[in-house]
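S.K.: 3D model of this:
(2 chains)
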Amino acid sequence: MGAGKLVAALTVASTLAMGGIAAAGEDAATPEEVVAKVSAASRFLHDKGASGLAEFNSKDGQWVWKDSYVFVYDCRLDRMVAHPLRPDLVGRSVMQITDNNGKFIFKELCKAGDNKRGGWVEYLWTRPGAGNVSRKITYALGAEMAFSSGLQVAAGVYDDKATAAELLELTQKMTDPTKYPAH
Amino acid sequence: MAEQKLGNPAVVGLAGFGLTTMVLQFHNVGWMGLGPVIWLGLIFGGLAQMIAGLQEMKTGNNFGYCAFTAYGCFWIALAAMLIGNQYNLYVSSKTDVGWFLIAWTLFTAILWIGSMRISSALALTFTLLLVGFILLDLAHFGFPALTVVAGYELMACAAMAWYIMAHLIFADVFGRDVLPVGKPWLRPRSTPAATLKAAQA
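M.R.: The predicted model follows:
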């Protein structure tokens, strides 16, 4: 085997390896995707009103992607409004839900989502398709839907390292056009 | 033949206005859902108040004619908007509802001025209604927390409407004015022409 062939073989091998890594990465939602989806969901409910809620209950719809999904809850009425993967929670009270560490997940989400540009909360939750709980870090944002106040939308990433503070910085960059580089 | 006694349509108009406004505020402060608001909005705040308004025409009361008919239509429109939003029919966004409320705020401001020439109780009802609308406008344009403030404020407005309703009903059944509504905030000005006319009379 000549040197040229060896290089070509290595290139192919490394390309395949990188492709493999990329494929694995594609299964996991990124924080940027989460912010984009949640912001879009908030605008969607502003425009579509209550008629838009049904789409958030569909596990095959646009609000479920990779290993993440957008869910809708009402902080004022203490209710899960829509959830694509847990229909058993829809219509139920949420404020008393705790994770394995005793954290009141929705109390924290409501507090974070109350900020104008939303906020991140970390807790333990079951990753879709996985049996055990994972560390989930979720972005919550208010949704100004007609005839409703206190509605929020949220989605999260399953990540062992990212911190809420780090992600908040990313979010502020993404949601504040003045912080974008001016090309 | 003795003339038949006629009822005052305002008692029904005020009842429907007050009760439906009250129930919507129970929703706005988070005590209850929207179901009863929609049905009461269509039937009592809407249909009954609108009919009461139309009946005001024959009494010669333009204020009641306009106010009850208009707010009756407000309730029917609001209930229809809620139903439309549920079924994806001419959906109103939060901003659309905000502009709808601003139009009603402007309209209410006109009647508010008129109410000041009628009685203190009515002027107070319309002051509370106008402030409530302004709070709801702000709640739709950047200050969502004001919905709850508007909720409590408009409960006072609904209670005032019921007070005037009770004034009319009690005056009728007890034969005397049990719940006074007070003098108008704006009194007629005595112009030289009016004084002359009064002297000639």
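S.K.: contacts, neighbours, all on C-alpha from now
M.R.: Fine.
S.K.: can you pull out the strands in the chain?
M.R.: I went with chain A, as the question did not name one. Taking DSSP state E as the criterion, chain A contains strands spanning A:64-65, A:68-69, A:71-74, A:79-82, A:119-126, A:133-142, A:151-158.
S.K.: Distance to chain B and mean neighbour count for the ones you listed - can I get that in JSON lines?
M.R.: As requested, the strands of chain A are arranged in JSON lines below (distance: least, Cα to the nearest Cα, whole Å; neighbours: other Cα atoms under 10 Å in any protein chain shown):
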{"stretch": "strand A:64-65", "distance to chain B": "22", "mean neighbour count": "18"}
{"stretch": "strand A:68-69", "distance to chain B": "23", "mean neighbour count": "24"}
{"stretch": "strand A:71-74", "distance to chain B": "11", "mean neighbour count": "26"}
{"stretch": "strand A:79-82", "distance to chain B": "11", "mean neighbour count": "23"}
{"stretch": "strand A:119-126", "distance to chain B": "18", "mean neighbour count": "21"}
{"stretch": "strand A:133-142", "distance to chain B": "10", "mean neighbour count": "24"}
{"stretch": "strand A:151-158", "distance to chain B": "11", "mean neighbour count": "26"}
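S.K.: and of those strands, who's closest to A:Gly113?
M.R.: strand A:133-142 (4.3 Å; Cα to Cα).
S.K.: Please name every helix or strand in contact with the closest one.
M.R.: If contacts are counted by 3 or more Cα pairs under 8 Å, 6 or more residues apart in numbering or on different chains; DSSP states H and E, strand A:133-142 sits against helix A:31-48, helix A:105-113, strand A:119-126, strand A:151-158.
S.K.: Touching it from outside, list them.
M.R.: Contacts with strand A:133-142, where a contact means Cα atoms under 8 Å, 6 or more residues apart in numbering or on different chains, come from A:34-35, A:38-39, A:42, A:109-110, A:112-127, A:150-160, A:162-164.
S.K.: ok, that strand: who's next to it in the sheet?
M.R.: Strand pairing for strand A:133-142, using DSSP bridges, gives strand A:119-126 (antiparallel), strand A:151-158 (antiparallel).
S.K.: and the angle for that strand with helix A:105-113?
M.R.: Between the axis of strand A:133-142 and that of helix A:105-113 there is an angle of 40 degrees, by axes from the mean of the first three to the mean of the last three Cα atoms, to 10 degrees.
S.K.: quick one: which helix or strand includes the residue nearest to B:Leu47 when sequence neighbours are not counted?
M.R.: With Cα to Cα, 6 or more residues apart in numbering or on different chains as the criterion, B:Leu47 has its nearest non-adjacent residue at 6.3 Å, and that residue is B:Gly72. Taking DSSP states H and E as the criterion, B:Gly72 maps to helix B:62-86.
S.K.: Next secondary structure element downstream of that helix?
M.R.: The element immediately downstream of helix B:62-86 (helix or strand, assigned by DSSP H and E) is helix B:94-115.
S.K.: so how far is B:Trp31 from the nearest residue to B:Trp99 once chain neighbours are set aside?
M.R.: Distances taken as Cα to Cα, 6+ apart put B:Asp137 closest to B:Trp99, at 7.7 Å, once the chain neighbours are dropped. If you measure B:Asp137 against B:Trp31 using Cα to Cα, to the nearest Å, the figure is 21 Å.
S.K.: And stretch A:87-104, what's buried?
M.R.: A:90, A:93-95, A:98, A:104 (16 or more other Cα atoms under 10 Å in any protein chain shown).
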